[in-house]
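>>> what follows is a predicted protein model with its sequence.
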Amino acid sequence: MHGFGVYSFANGHRYEGAWHEGRRQGLGMYTFRNGETQSGHWQNGILDIPSTQNTTHPVSPVAVYHSKVLNAVQEARRAADKAYDVAKVDERVNRAVAAANRAANAARVAAALLMCETAVSGQWLMFVTLFSSPK
């Protein structure tokens, strides 16, 4: 998976942020089930550069400001919400398609029954005509 997203792990941990090829990559925040967080820049699934709150004197020249991480987390949450909405729409579309298929099958059965009924009526009419005509 690529882009922004949210993943909740089975153990209760959660990652919100950027992904690349199924790994945490770019800005993001990992939240442990006890509420502690690790945030910053991730490289190949590992926290590479932790974020800092200090905007006047960065810890290092490559520091990642926490506000940028929070922006990435917001984007991840928006992407997750959109993905959830798409799943709901897919479910509704699938139900509509299933209903349309049931209606089409019912129409085919009705048409087949009508054709059989018409054929039987025609044969009955021919039978009655043959045996009731004077010789």
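Cool, got the structure.
>>> quickly run through the sheet partners of the longest strand along the chain, with directions.
In the chain, with assignment by DSSP state E, the single longest strand is strand 23-31. Using DSSP bridges, strand 23-31 pairs in its sheet with strand 14-20 (antiparallel), strand 37-43 (antiparallel).
>>> let's have those in TSV, adding distance to Ala104 and mean pLDDT.
Any C-beta I mention is one placed from the backbone N, CA and C, and that applies to glycine too. TSV is the format used below for the strands paired with strand 23-31 (distance: least, Cβ to Cβ, whole Å; pLDDT from 0 to 100):
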stretch	distance to Ala104	mean pLDDT
strand 14-20	41	88
strand 37-43	50	88
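>>> out of those strands, deepest packed?
Compared across the strands paired with strand 23-31, strand 14-20 shows the largest average neighbour count, a mean of 21 (mean count of other Cβ atoms under 10 Å).
>>> got the contact list for it?
Contact partners of strand 14-20, identified using Cβ atoms under 8 Å, 6 or more residues apart in numbering, comprise 1-9, 24-31, 42, 69, 72-73, 76-77, 80.
>>> need the buried ones from these selected in ChimeraX.
Applying 16 or more other Cβ atoms under 10 Å to these leaves a buried subset, and the ChimeraX line that selects it is:
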select :4,5,6,7,24,25,26,27,28,29,30,31,42,69,72,73,76,80
